[in-house]
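S.K.: take a look and give me a structure for this.
(2 chains)
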Number of protein chains: 2
Amino acid sequence: MSKWISVEKARQEFSIGPDVEIRGWVRTRRDSKGGFSFIEINDGSCFGNLQVVAPAELSNYADEVQKLSVGCSVVVVGEIKESPAAGQPTELHATKVRVLGWADPETYPMQKKRHTFEKLREWAHLRPRTNTFGAVARVRNQISQSIHQFFTDNGFFYTHTPIITASDCEGAGEMFRVTSLDLEMLAKKGGPVNYKYDFFEKPAHLTVSGQLNGEAYATALGRIYTFGPTFRAENSNTSRHLAEFWMVEPEAAFFDLADNMKLAEDFLKRIFTDCLNKCGEDMDFFDQRIEKGKIDQLKAVIEKPFAHMTYTDAVDVLKSTTEKFEYPVEWGTDLQAEHERFLTEKHVGGPLILTDYPSTIKPFYMRVSDDGRTVAAMDVLVPGVGEIIGGSQREERLDVLLSRMDAAGLNQADYDWYIDLRRFGTVPHAGFGLGLERAVQYATGMANIRDVIPFPRTPGNAGF
Amino acid sequence: MSKWISVEKARQEFSIGPDVEIRGWVRTRRDSKGGFSFIEINDGSCFGNLQVVAPAELSNYADEVQKLSVGCSVVVVGEIKESPAAGQPTELHATKVRVLGWADPETYPMQKKRHTFEKLREWAHLRPRTNTFGAVARVRNQISQSIHQFFTDNGFFYTHTPIITASDCEGAGEMFRVTSLDLEMLAKKGGPVNYKYDFFEKPAHLTVSGQLNGEAYATALGRIYTFGPTFRAENSNTSRHLAEFWMVEPEAAFFDLADNMKLAEDFLKRIFTDCLNKCGEDMDFFDQRIEKGKIDQLKAVIEKPFAHMTYTDAVDVLKSTTEKFEYPVEWGTDLQAEHERFLTEKHVGGPLILTDYPSTIKPFYMRVSDDGRTVAAMDVLVPGVGEIIGGSQREERLDVLLSRMDAAGLNQADYDWYIDLRRFGTVPHAGFGLGLERAVQYATGMANIRDVIPFPRTPGNAGF
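M.R.: The predicted structure is shown next:
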């Protein structure tokens, strides 16, 4: 009786021995003149393949084994032996090769010839079978696991904030509408929308952030984080935007901006450390084939303390440099991507935390500093990606919060529950948001955000 | 310089010593005649409170300490000492009590007097500050962490399948529409809907299951699981239904129904074992105050092998029992909740896996058995909740899948990418779905599903 093990295990020396079974897909087949074939098998458990040595003595050698092509699914039984070949500790000497499914080389799109990443997006259901997208999926998984482990290790509770919301909380960008009304009927009938017949009996949207809900739980459980899908209905057809993406948002009671900055730095370092330690083969691939020097870049991020700079100092740097920018810089205006990238890539040459932005360009919930004109905001910038984290200490003072809401033209009644958090046992607290896809892009060097999420949603694209 | 530690840590004997700082919220205050006050502090890190002994010598004793009421936020500095009181190993002797935020007892709703759970839903932003909802939040977190750990331990990769989808995949219930069109404008203008102006340029919905997308990744990475929000626009105002809930869906290549059943059983046992081991105080509370005997019930689930029974045998049992049912039972009809609960609660008295349902009552993607009239489906039933897991081996044979789709009246062109998974290197595979809220209900004994998710979405309710 043979024992089924993963390719990842089969490639380790401790698996050497008889009666092993491998189940996976053919990556390549090469027939030797010596009366056997070499078949590379991958089962998704790791980047590398297991080499199978299939002798001509197999009963189905001519009929099946010699017809195997990329993508065919097989079960191989045999003995794991030490491999004489370089670069692989083991190989599987087959006593049985059973074909489960064929993949006609005439019609199967995932052939060895390289497609562009753009072309592969048309086969979002098959692209994880390629080296690149398999590696992206494993690194994305690792980063997700690290997120949960890091926050658990630091006393944060995973909290599920709602996806559908009837409050357009911070007005952060355009939101998708959610409805149970029949749009065709609505348009046909004409007249005003009767929300009595809509599921939630009022206009509802997809969330743009779980932060405000997260604050309610942070001011009860102390430390929480959300990790879930987030939505923007912005018509941005760029390599940096998705209509649906995953965001992690920690929120901690009794944290000030300094605590928040330390948390963000420790967090990013943990994520990238885990990628290097736990996805070695995948990371080697990205380092060699996607962005040369990626591993050294991540090691530098892990080893060095992040630079800190106030917005005011950053404006001074940007105004005094000889670098040419498309957009002018003036105190009180938002920094553009070109400015952020100059600061992190050229001025600092590593991760940079910018703090203390003008209150006029930041949302109402950020804490007003003693100077009266800045807020305790922070953006973490990294080379190549720009802003990867945005966060702040929150305004915990009821009177200041209310006057900020007034200034922003917000209706207090819409935020009554949020204001309650300051009415009853208010505490200093802080948090931030990390876009998962930006983190995966930074870890892997993948240039287009559509290539680091399994099924990207962008203007005109909700297929699969 | 005092060191900030959590209440959870401060309650352990190893924390005994000077210069400790606690930050949290007042649960109770009791003034002793001996010239000091006892203040119970909770910071959400655990179920129990830390007892603070505040002497009258404190400079703000009369002005502030003696005015503390439930919900006030404080920072307390002092020494952790062994407690002479029963039921708590330590207490904090305060040298300083700083009040951060007051909670006016006249207006703060979370007073000691007990509100009903129904009433507390009106304060979804404040209810996590109560014993019950704090405990629910911690157990929900623990189950979520156990989900990630269990699947990681078993070689599964976390995969994010899309929330917005343009394909009404399995027709599993009513779906919410997602649109960037202005409903008011649409209704006012009248006439047909022009999808050229909608974000995705075609009708789009919120997902009811990530399974089909998950299969694409399972047939590339081998073993994957999804864990994310899922939606139903069903107008069910019951204690068992939510419009938005979280679902975990593992999918494994090369798994048959037996592998799938074992996975589901191991998975549930791991979840409940972790709840008992890691949420001891919370579970004691549920056992004593929410559902007597809960802990023993979970222990029995963990220790005993799950019972197995085919649908056909179950129908025989139901037809031969003297138990009265509202709905009649006949081979070929779906079992009702009353039947499922009889089987798991009275007939078996523990978890039960029902298998091999008639193909006519199950979706097209379930694998047809050799008898031609059943499919390799499984439902896991548990006492008190009924169905907690539903799953199946999937139909991997292209011809059988296509004829099942025809029989179901599905348009093959809509599923072309899904069919590709059988055209190219098809493999046997299987998976299941677990509703997170059902698992949290079962672990805690909470009767209403609206009380095990932070901000429930139900007909007419999308507030907060």
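
S.K.: tell me where chain A has helices.
M.R.: Assigned by DSSP state H, the helices in chain A fall at A:7-10, A:117-120, A:131-153, A:183-189, A:211-221, A:257-278, A:280-285, A:294-303, A:311-320, A:337-341, A:398-407, A:416-423, A:436-444.

S.K.: need the winner for burial among these.
M.R.: helix A:211-221 (a mean of 27; mean count of other Cβ atoms under 10 Å in any protein chain shown). All C-beta atoms are positioned from the backbone trio N, CA, C, and that covers glycine.

S.K.: restrict that one to CA atoms and write it as PDB.
M.R.: Provided in PDB are the C-alpha atoms of helix A:211-221 (Å, rounded to 0.1, in the frame of the first residue of the first chain):
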ATOM      1  CA  GLN A 211     -12.200  51.600  10.600                       C
ATOM      2  CA  LEU A 212     -15.100  53.300  12.300                       C
ATOM      3  CA  ASN A 213     -16.700  50.000  13.200                       C
ATOM      4  CA  GLY A 214     -13.300  48.700  14.300                       C
ATOM      5  CA  GLU A 215     -13.000  51.700  16.700                       C
ATOM      6  CA  ALA A 216     -16.200  50.500  18.400                       C
ATOM      7  CA  TYR A 217     -14.600  47.100  19.000                       C
ATOM      8  CA  ALA A 218     -11.200  48.500  20.000                       C
ATOM      9  CA  THR A 219     -12.900  50.600  22.700                       C
ATOM     10  CA  ALA A 220     -14.300  47.400  24.100                       C
ATOM     11  CA  LEU A 221     -11.800  44.700  23.400                       C
END
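
S.K.: quick check: domain ranges of chain A?
M.R.: What the TED database lists as the domains of chain A is A:3-101, A:129-173+A:208-451.

S.K.: which stretches of the stretch 301-450 of chain A have low pLDDT?
M.R.: Within the stretch 301-450 of chain A, no stretch has pLDDT under 70.

S.K.: mind running it again at 90?
M.R.: Scanning the stretch 301-450 of chain A for pLDDT under 90 picks out the ranges A:384-385.

S.K.: closest residue of it to chain B?
M.R.: Here the residue of the stretch 301-450 of chain A nearest chain B is A:Thr426; by Cβ to the nearest Cβ that distance is 3.6 Å.

S.K.: list the contacts for that residue?
M.R.: A:Thr219, A:Glu396, A:Arg397, A:Leu398, B:Ser73, B:Leu100, B:Gly101 (Cβ atoms under 8 Å, 6 or more residues apart in numbering or on different chains).

S.K.: try A:Pro84
M.R.: Counting by Cβ under 8 Å, 6+ apart, there are no residues that A:Pro84 touches.

S.K.: confidence score at it?
M.R.: At A:Pro84, the model reports a pLDDT of 92.

S.K.: residue furthest from the geometric center of chain A?
M.R.: Using Cα atoms, centre = their mean, the residue of chain A lying farthest from its centre is A:Glu57. It sits 47.7 Å away.

S.K.: A:Arg30 contacts A:Phe36, correct?
M.R.: No: between A:Arg30 and A:Phe36 there is no contact under Cβ atoms under 8 Å: 10.0 Å.

S.K.: which of those two has more neighbours?
M.R.: A:Phe36 (19 against 9; other Cβ atoms under 10 Å in any protein chain shown).

S.K.: for A:Pro363, phi and psi?
M.R.: phi -60, psi 160 (degrees, to the nearest 10).

S.K.: okay, now it: neighbour count?
M.R.: 20.

S.K.: I'd like the average pLDDT over stretch A:176-192.
M.R.: 91.

S.K.: so that stretch, near chain B or not?
M.R.: Yes: Stretch A:176-192 is in contact with chain B by Cβ under 8 Å from any Cβ of the partner chain, via A:176-184, A:186-192.

S.K.: cool, and stretch A:273-284?
M.R.: No: on the criterion Cβ under 8 Å from any Cβ, stretch A:273-284 is out of touch with chain B, staying 10.3 Å away.

S.K.: of all the helices of chain A, which one is nearest B:Gly445?
M.R.: When these are compared by Cβ to Cβ, helix A:211-221 sits nearest B:Gly445, at 20.5 Å.

S.K.: is that closest one positioned near chain B?
M.R.: Yes: Helix A:211-221 lies within reach of chain B by Cβ under 8 Å from any Cβ, at A:Asn213, A:Ala216, A:Tyr217, A:Thr219, A:Ala220, A:Leu221.

S.K.: now do the second one, the pLDDT please.
M.R.: Here, the pLDDT recorded for A:Ala216 equals 98.

S.K.: picking that back up, how near is the residue of the stretch 301-450 of chain A closest to chain B to A:Gly391?
M.R.: 19 Å (Cβ to Cβ, to the nearest Å).

S.K.: check A:Asp371 too.
M.R.: Counting by Cβ to Cβ - A:Asp371 and A:Gly391 are separated by 20 Å.

S.K.: in terms of neighbours, single out the busier of the two.
M.R.: Comparing A:Asp371 with A:Gly391 by other Cβ under 10 Å, the one with more neighbours is A:Gly391, at 27 against 10.

S.K.: nearest residue to A:Gly24 other than its sequence neighbours?
M.R.: A:Asp43 (3.3 Å; Cβ to Cβ, 6 or more residues apart in numbering or on different chains).

S.K.: go on, A:Val20?
M.R.: A:Ile80 (5.1 Å).

S.K.: before we move on, what about A:Val99?
M.R.: In space, A:Val99 is closest to A:Glu64, 5.2 Å off (Cβ to Cβ, 6+ apart).

S.K.: tally of neighbours for that neighbour?
M.R.: 17.

S.K.: with A:His205 instead?
M.R.: A:His205, neighbours per other Cβ under 10 Å, totals 22.

S.K.: ok, A:Glu323 next?
M.R.: Neighbours of A:Glu323 (other Cβ under 10 Å): 12.

S.K.: A:His308 contacts A:Ala264, correct?
M.R.: No: using Cβ under 8 Å, A:His308 is not in contact with A:Ala264, being 11.3 Å away.

S.K.: joint contacts of the two?
M.R.: A:Ile353.

S.K.: can you read off the pLDDT for A:Ala220?
M.R.: Taking A:Ala220 on its own, its pLDDT is 98.

S.K.: surely it touches B:Ala124?
M.R.: No: using Cβ under 8 Å, A:Ala220 is not in contact with B:Ala124; the gap is 11.0 Å.

S.K.: what residues does the stretch 1-150 of chain A have near chain B?
M.R.: A:4, A:6, A:8, A:23-26, A:43-45, A:71-73, A:75, A:100-104, A:107-108, A:110, A:124-126, A:128-129, A:133-134, A:137-138, A:140-141, A:144-145, A:148.

S.K.: out of those residues, which end up buried?
M.R.: The neighbour-count test (16 or more other Cβ atoms under 10 Å in any protein chain shown) marks A:6, A:8, A:23-26, A:43-45, A:71-73, A:75, A:100-103, A:108, A:110, A:124-126, A:128-129, A:133-134, A:137-138, A:140-141, A:144-145, A:148 as buried among these.

S.K.: strands along the stretch 101-250 of chain A, start to end?
M.R.: With DSSP state E, counting those that start in this stretch, the ranges of strands along the stretch 101-250 of chain A come out as A:157-158, A:164-165, A:177-179, A:204-206, A:223-231, A:244-253.
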